[in-house]
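Undergrad: predicted model, plus sequence, below.
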Protein chains: 2
Amino acid sequence: MSSISFIGLGGMTNAIAARAVKGGNTVELMGRDAAKAKSLAATLGGGATVGTFGAVPTGDIVVLAVPYTSAVQVAAQYGSALAGKILIDISNTFNADATGVVTPEGTSGAQEIAEVVPESAHVVKAFNTVFGHVLTQEGSRDVLFAGDDAEAKATVSAFVTSLGLRPLDAGGLEMARWLEGVGPLLMGLAQNGAGFNIALGINTLN
Amino acid sequence: MSSISFIGLGGMTNAIAARAVKGGNTVELMGRDAAKAKSLAATLGGGATVGTFGAVPTGDIVVLAVPYTSAVQVAAQYGSALAGKILIDISNTFNADATGVVTPEGTSGAQEIAEVVPESAHVVKAFNTVFGHVLTQEGSRDVLFAGDDAEAKATVSAFVTSLGLRPLDAGGLEMARWLEGVGPLLMGLAQNGAGFNIALGINTLN
């Protein structure tokens, strides 16, 4: 079991933190709105605590769960408070009509975030290929992830498993671009007949 | 049922054409190596014919099944022979180590191909998200596709269904970039623990 801090109090934090508590992990919630954090902690139960936004997270794993539009700025604001942490970037980077991404060629949201955190922090991209409302539903889903540090990825993998989800390693952090490309792809499928109640899965054949 | 011409005689043509014959479609094979085309046609059966490389294809649907390194050049060589056709681009565009794509930002292999064919030809991206060796195995797989012409997409969708596969519309041709991004992503997953006998699926939840 792991100790996890969430930065941000939106739908993804709700969905992942609920599974984290159920999986026996220790959960801390950090948001600009302390009252909202307190209320969410009470709803979650499982001894979930509230931390101070911008302070050193108690968790070994920190889930950065704010919209990509503010993710880099928030990561930079935390700065040295993230030293030695595993930072999971869950952001989707797609543009207004969800046909493309806002990050420049040759990089990704995860890599942009990695640029502004201490070198001792290990950024892992994960969870962006699953809709939040899908995570709130029962059942195992595939969680694709990417990162450069093998030990950090092993920790994230164990954490994902504790959530009742299946971790799948896509490679180094440079693969975050293609994980983020799944964002517009899922939106495109959802809007062109498949609907939004869909989950991407990787089926292993016999 | 449709009438289909394949340009290229590699593994993907083998896999798709075998399903096409089984699904009652009319198949024509076009390759630079006429002997190889003849041999493949005999293996396929189902009245598969051999066409002349570069000539007007007999099929209403033309599957461009050559490596991306030569796809644009071959499409340009066919040129006006593709007028009025539905051209399915199945190419994967990833680079040597399969961590990125060779096409520039803001475009895709499919869009580059669309640039060199007659305006009356409708390019649809499809099949690149499924490994060829997976298509040779029994069973339904998800075939994601994208294109700008609704009628052409409906025809491709019916063709995919005739192959015993499930068509899923991802949107306009600009979405081809993200379909092509699935190429490196599947390679990354395959090389980092999942193995190559995998298929991407879109699961509709209850």
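TA: That came through, no problem. Since this is a predicted model, take the numbers as computed values, not measurements. Numbering: from 1, shown residues only, chains lettered A, B, ... in the order given.

Undergrad: so what's the residue positioned nearest the centre of chain A up against?
TA: Central residue of chain A (CA atoms, centre = their mean): A:Ile90, 2.9 Å from the mean position. Contact partners of A:Ile90, counting by CB atoms under 8 Å, 6 or more residues apart in numbering or on different chains, are A:12, A:16, A:63-65, A:125-128. C-betas here are computed from N, CA, C, even on glycine.

Undergrad: export those as CSV, with columns for pLDDT.
TA: Listed next are these as CSV, based on pLDDT from 0 to 100:
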residue, pLDDT
A:Met12, 97
A:Ile16, 98
A:Val63, 98
A:Leu64, 98
A:Ala65, 98
A:Lys125, 98
A:Ala126, 98
A:Phe127, 98
A:Asn128, 98
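
Undergrad: among those, which are in helices?
TA: Residues of the contacts of A:Ile90 located in helices (DSSP state H): A:12, A:16.

Undergrad: looking at the contacts of A:Ile90, which are in strands?
TA: Under the assignment DSSP state E, the contacts of A:Ile90 contribute A:63-64, A:125-126 to strands.

Undergrad: among those residues, name the buried ones.
TA: A:63-64, A:125-126 (16 or more other CB atoms under 10 Å in any protein chain shown).

Undergrad: just give the number of residues close to A:Gly106.
TA: Look at A:Gly106: counted by other CB atoms under 10 Å in any protein chain shown, it has 10 neighbours.

Undergrad: picking up where we left off before, what's the closest non-adjacent residue to the residue nearest to the centre of chain A?
TA: Closest residue to A:Ile90 apart from its sequence neighbours, by CB to CB, 6 or more residues apart in numbering or on different chains: A:Phe127 at 4.1 Å.

Undergrad: the one you found: neighbour count?
TA: Neighbour number of A:Phe127 under other CB under 10 Å is 27.

Undergrad: quick one, what contacts it?
TA: Contacts here follow CB under 8 Å, 6+ apart; on that basis A:Phe127 touches A:12, A:16, A:63, A:88, A:90, A:135, A:143, A:145.

Undergrad: now do the contacts for the second one.
TA: Listed by CB under 8 Å, 6+ apart, the contact partners of A:Ile16 are A:6, A:63, A:65, A:90, A:127, A:135, A:163.

Undergrad: is it true that the second one touches A:Ile7?
TA: Translated: A:Val63. Yes: taking CB atoms under 8 Å as the definition, A:Val63 is a contact partner of A:Ile7 at 6.9 Å.

Undergrad: so where's chain A shaky on pLDDT?
TA: In the predicted model of chain A, no residue satisfies pLDDT under 70.

Undergrad: 80 instead, please
TA: Applying pLDDT under 80 to chain A flags the ranges A:1, A:206.

Undergrad: would you list every one of the strands in it?
TA: Under DSSP E, chain A gives strands at A:3-7, A:26-31, A:49-52, A:61-64, A:86-89, A:122-126, A:142-147, A:166-169, A:198-204.

Undergrad: hmm, who's touching the second one?
TA: With contacts defined as CB under 8 Å, 6+ apart, strand A:26-31 is touched by A:1-9, A:13, A:17, A:20-21, A:37, A:40-41, A:44, A:46-55, A:57-59.
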